[in-house]
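J.: Got a predicted structure plus its sequence, pasted below:
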Amino acid sequence: MLQQYREHIRITFHLAYPVMLSQLGHMMVNVADAVMVGQLGATPLAAASLANVIFHLLLMFGIGISYGITPLVAAADGEGNIPRSGQLLKHATLINVITGILLFGIVLAGNRTLAYLNQPEHVVTLATPYLNIITLSMVPLMIFQTYRQFAEGLSDTKTAMKIVIITNLFNVGLNYILIYGKLGFPAMGLNGAGWASLISRIILAGWMAFYVFRSFVSYRIGFTFGNYRKVIFRKILNIGLPAGFQYIFEVGAFGFAVIMIGWLGTNALAAHQIAINMAAISYMAASGLSAAATIRVGNQWGRKDIEQLRTAAFTIFGMVIVFMAFCAAVFVAGREFFPSLYIDDPEVISIAASLLVIAGFFQLSDGIQVVSLGALRGLEDVRIPTLLTFLAYWVLALPAGYLLAFPLGMGVRGIWTGLLIGLTIAAIVLFLRFRHLTRKLLPA
C-alpha cells in the first residue's frame, strides 16, 4: 500500500508541479505589477486592485469555460481515442475564442460601473484607463488556455510552465521600462503595467498555439475549421459553463469583498491587495494539484478503474493538506515582512499583516476545496458543486463578512473572516461529495 501511494505521489508531482509553476507564473504577473506599482504609492495600488476585480471576475469565468476540454481529453486519452481528442480541440478552440471576444466586450462596456461602486474618486480615476488596457488581453489569454488545457489533458503540463515563466520574465522587464519610463519610453505609471501585461499575453498565446501545432501532429484536426457537431459543443459546455460559474461565484465573492473593503478607505483596499496577492500565490500552487486531480481522475475514469481513481485522488488531498499547512506557517511567520516588500506605509503594512494571519487559517480550506472541485471535474460532476459554491460564498460568506465588518465593527478583518467561513464550508461539502460519489462507483 505504501509503495502504491508513493507511485501516485510521484505521478501527481510530475503532473502538478509544472501546473503549479505555470499558475504561479500567471499570478506573478499580478504580483510584479503590484510590487512595482506599489512603489508609486497607496492610490495606484488600490486602483490596480479595483480594476482587477472586474477583469479577473470575467477572466476566471473564461478560464472555467476552458477547463471543459481537460477531463474529456484525459478520458479520451485513457481510452486511447486520438480522433476524439482532436475533435475536442477543434470545438474548444471556437468556443474559447468566442468566449474571449464576448468577455472583452462585456468588460469594455462595463468599465464605467467603477464610478458607481462607491469607491474613492481618485482611485476610480486611475483604475478606469488601466482596466481599458488590460481588457485587451482577454482574447489572447483564452487562446492560450485552449491549447494549455488540451496539452494538460494529454498529461503534458511542463511546456505551458516553461512558456509562462519565460514570458513573465519578459513582462517584468517591460513593467520596469513602461511604469518608470526607461530606455527612452515615457513613464506611464499604472497604465504601463497594463501595456506590459497585454504584450506578454499576446506572446504567450502565439507561443503555446505554435507548440501544440508542431508537437501533436496526430491531433492536427484540431486546427481545422468546419464540420462542427452540436453534441461535442454541448459536451464541452456542460462541463465548462458550470466550471466557469464556480469561478464566478468564488472570485465574484472575493471581488465583492473588495468593493466592501473600498467602503473602508484607500489604506484598507491597498492592504487587501497585498494580502490577497500572497494568498493567491498559494492558491495558484494548490490549483496545480487540482489540475492534476482532474487529469488523474479523468484518466482513471476513462479506464473505469475506480479503485485507482480513489487512491490517486486521496493521495492528492494529502499532498495539498501538507503544502497548504506549510504556506499557513509561512504567512503567519512573515506577516510583517511580506507587506513591506510592496509598500512602506506603516498603516497599510499593519492592516495587511493582520489579514495574512486570517489567510493562514484558510489555507487548508482553500486547498481542499480547489482539489475537490478538480477531482469532481474529472468525474464530469460540475452542476451540484457549482450550486454548493454559490451557497458557501454568496449565501454564507459575504453576509457573514458584512455583518462582522460593519454592524460588529471588525472592519476589513471581519470581511476576511467571512471569507474564511465560506471557504471552510465549501471544503467540507465538496470533499464529502467526492467521497460519496466514488464510494457508490465501487464494485459491490
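T.: That came through, no problem.
J.: Local confidence estimate at the residue lying closest to V297 once chain neighbours are set aside?
T.: Nearest non-adjacent residue to V297, counting by Cβ to Cβ, 6 or more residues apart in numbering: G378, 2.8 Å away. Backbone N, C-alpha and C define where each C-beta goes, glycine included. On the pLDDT scale, G378 is placed at 87.
J.: pretty sure G378 contacts L72?
T.: No - under the criterion of Cβ atoms under 8 Å, G378 is not in contact with L72, lying 10.3 Å apart.
J.: Any idea how far the helix or strand harbouring H56 is from the middle of the chain?
T.: According to DSSP states H and E, H56 maps onto helix 42-66. Centroid separation for helix 42-66 versus its chain: 11 Å, with Cα atoms, centre = their mean, to the nearest Å.
J.: So which other helices or strands are in contact with that helix?
T.: On a contact count with 3 or more Cβ pairs under 8 Å, 6 or more residues apart in numbering; DSSP states H and E, helix 42-66 meets helix 2-38, helix 82-110, helix 121-134, helix 138-153, helix 190-215, helix 230-262, helix 266-303.
J.: which regions of the protein lie under the pLDDT threshold?
T.: Within the chain, the ranges that satisfy pLDDT under 70 run 1-4, 23-31, 110-118, 444.
J.: Does L442 touch E307 like I think?
T.: Yes - counting by Cβ under 8 Å, L442 touches E307, with 7.3 Å between them.
J.: how many neighbours does F225 have?
T.: Neighbourhood size, F225 [other Cβ atoms under 10 Å]: 8.
J.: For it, list the residues it contacts.
T.: Each residue near F225 by Cβ atoms under 8 Å, 6 or more residues apart in numbering is listed here: K90.
J.: secondary structure element for it?
T.: Counting by DSSP H and E, F225 is found in no helix or strand.
J.: Repeat that for D156.
T.: Secondary structure (DSSP H and E) places D156 outside all helices and strands.
J.: next one: P186
T.: Following DSSP H and E, one finds P186 outside all helices and strands.
J.: before we move on, the earlier item: check contacts around the residue nearest to V297.
T.: Contacts for G378 (Cβ under 8 Å, 6+ apart) come out as P71, A74, A293, T294, I295, R296, V297, G298, N299, W301, L309, A313.
J.: try 7 Å
T.: Each residue near G378 by Cβ atoms under 7 Å, 6 or more residues apart in numbering is listed here: P71, A74, A293, T294, R296, V297, G298, W301.
J.: wait, what's in contact with the nearest residue to the fifth one once chain neighbours are set aside?
T.: Beyond its immediate neighbours in the sequence, the residue positioned closest to R296 (Cβ to Cβ, 6+ apart) is A312, lying 4.2 Å away. A312 makes contact with H8, R296, V297, Q300 under the criterion Cβ under 7 Å, 6+ apart.
J.: measure A312 to G41 for me?
T.: Per Cβ to Cβ, to the nearest Å, A312 is found 48 Å from G41.
J.: One more: A243?
T.: Distance from A243 to G41, counting by Cβ to Cβ: 38 Å.
J.: These two: which is more packed in?
T.: More neighbours surround A243 than the other of A243 and G41, with 29 against 16 (other Cβ under 10 Å).
J.: The closest residue to that one other than its chain neighbours: what's it in contact with?
T.: In space, and not counting its chain neighbours, A243 is closest to G64: 3.9 Å by Cβ to Cβ, 6+ apart. Counting by Cβ under 7 Å, 6+ apart, G64 touches G240, A243, G244, Q246, Y247.
J.: I'd like those residues as a markdown table, with distance to L398 appended.
T.: Conversion of the contacts of G64 to a markdown table gives the following (distance: Cβ to Cβ, whole Å):
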| residue | distance to L398 |
| --- | --- |
| G240 | 25 |
| A243 | 21 |
| G244 | 20 |
| Q246 | 16 |
| Y247 | 16 |
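J.: if we take the residues you listed, which one ends up nearest to G411?
T.: Distance to G411, by Cβ to Cβ, is smallest for Y247 among the contacts of G64, at 27.3 Å.
J.: Run a quick neighbour tally on that closest one.
T.: Here the number of neighbours of Y247 (other Cβ under 10 Å) works out to 23.
J.: G288 and V19 touch, don't they?
T.: Yes - using Cβ atoms under 7 Å, G288 is in contact with V19, at 3.7 Å.
J.: Just the terminal-to-terminal distance for stretch 217-229.
T.: 22 Å (Cα to Cα, to the nearest Å).
J.: buried residues in that stretch?
T.: Y219, G222 (16 or more other Cβ atoms under 10 Å).
J.: Distance check, L355 against A268.
T.: The gap separating L355 from A268 is 9 Å, by Cβ to Cβ.
J.: just V357 next, same as before
T.: In terms of Cβ to Cβ, V357 sits 16 Å off from A268.
J.: So those two - more neighbours on which side?
T.: Counted by other Cβ under 10 Å, V357 and A268 do not tie: A268 has more neighbours, with 25 against 15.
J.: List the contacts of that one.
T.: Applying Cβ under 7 Å, 6+ apart, we find A268 in contact with I261, I351, G411, V412.
J.: Pick out the most distant pair among those.
T.: Within the contacts of A268, I261 and I351 form the most distant pair, 9.9 Å apart (Cβ to Cβ).
J.: Same drill for those two, tell me which one is more crowded.
T.: Using other Cβ under 10 Å, the more surrounded residue of I261 and I351 is I261, with 28 against 25.
J.: I figured that one hits W416, correct?
T.: No - applying Cβ under 7 Å, one finds I261 not in contact with W416, separated by 8.9 Å.
J.: burial of S215, as a residue count?
T.: S215 is flanked by 11 other residues according to other Cβ under 10 Å.
J.: Name the nearest residue to G414, sequence neighbours excluded.
T.: Leaving aside its sequence neighbours, G414 sits nearest to L404 (Cβ to Cβ, 6+ apart; 3.0 Å).
J.: how about that neighbour, what does it touch?
T.: Counting by Cβ under 7 Å, 6+ apart, L404 has contacts M410, G414, T417, G418.
J.: Closest one to L154 out of the residues you listed, please.
T.: Taking Cβ to Cβ as the measure, L154 lies nearest G418 of these, at 40.0 Å.
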